[in-house]
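Engineer: Generate a structure from the sequence data that follows.
(chains A and B)
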Number of protein chains: 2
Amino acid sequence: MSQEISVAEEQAVKAYGWAARDSTQVLSPFHFTRRHEIVSEATKVGCNVTKFKVGDMAGVGCMVGSCRSCDNCTQDSENYCPKMVWMYNNPNKDGPRTFGGYSNKLVVEHFAVQIPENLSLQGTAPMLCARITVYGPMRYFGLIEPGAKVTVISTSPNKKKEAMEQLGVDEFLISHDPEQLKAAMDTMDGIIDTVSVPHPLLSLIQLLNTNGKLILLGAPVQPPELPVFPLKLGRKLIAGSATGGMKETQEMIDFAAKHNITADVEVIPMDYVNTALERVAKADVKYRFVIDVANTLNSPY
Amino acid sequence: MSQEISVAEEQAVKAYGWAARDSTQVLSPFHFTRRHEIVSEATKVGCNVTKFKVGDMAGVGCMVGSCRSCDNCTQDSENYCPKMVWMYNNPNKDGPRTFGGYSNKLVVEHFAVQIPENLSLQGTAPMLCARITVYGPMRYFGLIEPGAKVTVISTSPNKKKEAMEQLGVDEFLISHDPEQLKAAMDTMDGIIDTVSVPHPLLSLIQLLNTNGKLILLGAPVQPPELPVFPLKLGRKLIAGSATGGMKETQEMIDFAAKHNITADVEVIPMDYVNTALERVAKADVKYRFVIDVANTLNSPY
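Structural biologist: Next up, the predicted model:
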């Protein structure tokens, strides 16, 4: 079961990795071991590898291992396996901990996805955590429907033009505008809430119609208040969700390839990393930095 | 659409009604207008009535009206219609407010259910609010499965014997015993939480397995804390639910009739009501009081 793609001897010609917050959810200090969402070209494959051949594009997201035999694993939910091994900074049976994109052995085949040729590597990298984390619960909770009306709920009025004209959403709702919230009450089948800072849930619950679903993807340090009665009044639900299983991650990538969808990114060289982090803290990036990590595997950092 | 069963001229020979908390959720003072969950025999039917004939048993639960045309109503969720009329103490188009089991006009036909002959009237009364409120979400959230293991979670060890031996549950878990809770972690597909007093949700969430569902039926005055991260770790959900639609209420009654299930009740005469309320406050009732309200329609109270 454990076929490894060794990249120890040969560095990837093309390799992109995206770095996120550290384990304390604080942006600094930045450690390269935090790198995850990695895409590259297979330059060598082991004899037991069946999913990739030399020249194929491969991607690795949040996890590099799981027990492969529990109920979660056998039902394609490796992401909820109690023995799941995170891509970075996680105790690992083969070493002191996982090193993300700085590893010299990357991953067992099962935890790598195939990236179709028509997707750009750099635009695909952020899909392997950020996008599957959104796609997974939308799929599971039945919120993907052709022709569905899509509303962006934002604190930033200045994002409206881009959302409506370039990203093609149907509505744009300012989350702190009581009039707009009131007008949209009882209209939404589901809300994907990606906010990690504390925020009240009542106004979001009120936007939902009967049987509506509020899916929380952020992880606020302080638990919010749960307005029970508004949930009861329309059999509404609040759920949490974390990343995705390998099957749904591949499905998401294939869906993106079919519709030629990639992420808007800004590719930066390794030595720009600290500047990039300062810009992330100021929300000055559209919408992800992707680090070109080619030829950095022997970096002393 | 509005066929009324008039009981103004003739009093029911058999009539049982169950009384709950008043609108402030406090048990006293008791008003007869609070009466709901009413069952009786049809002694007269109007010319437009198609669902009942004289001699049939009929029951009315929490609601006596709704708009009959909104999305909720047309999808058998009259209980979530914004114009739903509660059985008691609710402003009503035909009068100042609804009077529950003390009304002289009872209900339009749509909001009455048929009670099969093999069910006792007195044991059926509490089904029309208490049981449908549990049955509805169990059905909707997929928690009814033949052969499912049933665990009662209780604060009262002294209820264990009865639960295991008479009610036939598989397990009995004391909600404040950390060892028992730990042993049962990650094992439950769903929990129906009927507690209205404030209580922490974390230990219940931890009992759920991946994709587990915690359904809140109580209405605590203070909103509890929502532990977001534990929800995320297994794509778990918390939902609210309130009573049931007419179609599922009839389905529940028919299910009960098929399996000959009624509620354990203690039938009391009207003049025992205040004593009964004192006993309710002391949890001294197994498990519902049912008031024999026959011949009380002209009561001066």
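Engineer: could you point out which element follows the helix or strand containing A:Thr133?
Structural biologist: Assigned by DSSP states H and E, A:Thr133 belongs to helix A:130-140. Along the chain past helix A:130-140, the next helix or strand (assigned with DSSP H and E) turns out to be strand A:151-154.
Engineer: got the contact list for the residue nearest to A:Ile144 when sequence neighbours are not counted?
Structural biologist: Nearest non-adjacent residue to A:Ile144, counting by C-beta to C-beta, 6 or more residues apart in numbering or on different chains: A:Met138, 5.0 Å away. All C-beta spots, glycine's among them, are computed from the backbone N, C-alpha and C. By C-beta atoms under 8 Å, 6 or more residues apart in numbering or on different chains, the contact list for A:Met138 reads A:Ile144, A:Gly190, A:Ile192, A:Ile215.
Engineer: among the residues you listed, which ones are buried?
Structural biologist: A:Gly190, A:Ile192, A:Ile215 (16 or more other C-beta atoms under 10 Å in any protein chain shown).
Engineer: Let's have the contacts of A:Met138 in JSON lines, adding pLDDT and secondary structure.
Structural biologist: Shown next, in JSON lines, are these (pLDDT from 0 to 100; DSSP: H, G, I helix; E, B strand; the rest coil):
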{"residue": "A:Ile144", "pLDDT": "90", "secondary structure": "coil"}
{"residue": "A:Gly190", "pLDDT": "98", "secondary structure": "strand"}
{"residue": "A:Ile192", "pLDDT": "98", "secondary structure": "strand"}
{"residue": "A:Ile215", "pLDDT": "98", "secondary structure": "strand"}
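Engineer: Any regions of chain A where pLDDT drops low?
Structural biologist: Counting by pLDDT under 70, the ranges of chain A that qualify are A:1-35, A:94-95, A:101-107, A:295-301.
Engineer: which residues of it fall in helices?
Structural biologist: According to DSSP state H, chain A carries its helices in the segments A:71-74, A:121-124, A:130-140, A:160-165, A:178-183, A:202-207, A:228-232, A:246-258, A:273-281.
Engineer: Could you give the residue of the stretch 51-200 of chain A that lies closest to chain B?
Structural biologist: A:Tyr80 (4.5 Å; C-beta to the nearest C-beta).
Engineer: domains for chain A, by residue range?
Structural biologist: A:4-129+A:244-292, A:139-240 (automatic domain parsing).
Engineer: follow-up on the earlier one: would you mind telling me which of the helices of chain A is nearest B:Pro224?
Structural biologist: Using C-beta to C-beta as the measure, helix A:228-232 is the one of those that comes nearest B:Pro224, at 7.1 Å.
Engineer: In PDB, list the C-alpha atoms belonging to the closest one.
Structural biologist: The C-alpha coordinates for helix A:228-232 follow below in PDB (Å, rounded to 0.1, in the frame of the first residue of the first chain):
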ATOM      1  CA  VAL A 228     -30.700  27.900  19.100                       C
ATOM      2  CA  PHE A 229     -34.200  29.300  18.600                       C
ATOM      3  CA  PRO A 230     -33.500  30.800  15.100                       C
ATOM      4  CA  LEU A 231     -32.100  27.300  14.100                       C
ATOM      5  CA  LYS A 232     -35.300  25.700  15.300                       C
END
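Engineer: Next to chain B, which bits of the stretch 201-301 of chain A? Give me the list.
Structural biologist: A:201, A:209-210, A:213, A:216-220, A:223-242 (C-beta under 8 Å from any C-beta of the partner chain).
Engineer: re the thing from before, out of the buried ones among the contacts of A:Met138, which one sits closest to A:Gln166?
Structural biologist: The nearest one, if we look at the buried ones among the contacts of A:Met138 relative to A:Gln166 and count by C-beta to C-beta, is A:Ile192, at 19.5 Å.
Engineer: Not counting sequence-adjacent ones, nearest residue to the closest one?
Structural biologist: Nearest to A:Ile192 is A:Ile215, by C-beta to C-beta, 6+ apart, at 5.2 Å.
Engineer: Beta-bridge partners for the one you found, please?
Structural biologist: A:Ile192, A:Ala239 (DSSP bridges).
Engineer: Enumerate every residue touching it.
Structural biologist: By C-beta under 8 Å, 6+ apart, the contact set of A:Ile215 is A:Pro137, A:Met138, A:Phe141, A:Leu143, A:Gly190, A:Ile191, A:Ile192, A:Asp193, A:Ile238, A:Ala239, A:Gly240, A:Ser241.
Engineer: Repeat that for A:Ala42.
Structural biologist: A:Ile5, A:Phe52, A:Lys53, A:Val54, A:Gly55, A:Asp56, A:Met57, A:Ala58.
Engineer: Quick check: the fifth one touching A:Lys44?
Structural biologist: Read that as A:Gly55. No: in this structure, A:Gly55 is not within contact of A:Lys44 by C-beta atoms under 8 Å, at 10.6 Å.
Engineer: Between the two, which has more neighbouring residues?
Structural biologist: Neighbours of A:Gly55 and A:Lys44, each counted by other C-beta atoms under 10 Å in any protein chain shown, are more numerous for A:Lys44; the result is 13 against 10.
Engineer: Distance-wise, check the residue nearest to A:Ile144 relative to B:Gly142.
Structural biologist: 19 Å (C-beta to C-beta, to the nearest Å).
Engineer: Same check on A:Asn274?
Structural biologist: A:Asn274 is 50 Å from B:Gly142, where distance means C-beta to C-beta.
Engineer: contacting residues for A:Gln222?
Structural biologist: A:Gln222 neighbours (C-beta under 8 Å, 6+ apart): A:Pro198.
Engineer: Please report phi then psi for it.
Structural biologist: phi -90, psi 130 (degrees, to the nearest 10).
Engineer: for A:Ala184, same thing?
Structural biologist: Dihedral angles for A:Ala184 - degrees, to the nearest 10 - are phi -100, psi 10.
Engineer: Now for the closest residue to it other than its chain neighbours, how many residues are close by?
Structural biologist: Using C-beta to C-beta, 6+ apart and skipping residues adjacent in sequence, the residue nearest A:Ala184 is A:Leu207, 5.5 Å away. Residues lying near A:Leu207 (other C-beta under 10 Å) number 22.
Engineer: now A:Asn89
Structural biologist: 17.
Engineer: got it, and A:Ile153?
Structural biologist: 21.
Engineer: so who does it touch?
Structural biologist: So A:Ile153 contacts A:Leu173, A:Ser175, A:Ile191, A:Leu204, A:Leu207 (C-beta under 8 Å, 6+ apart).
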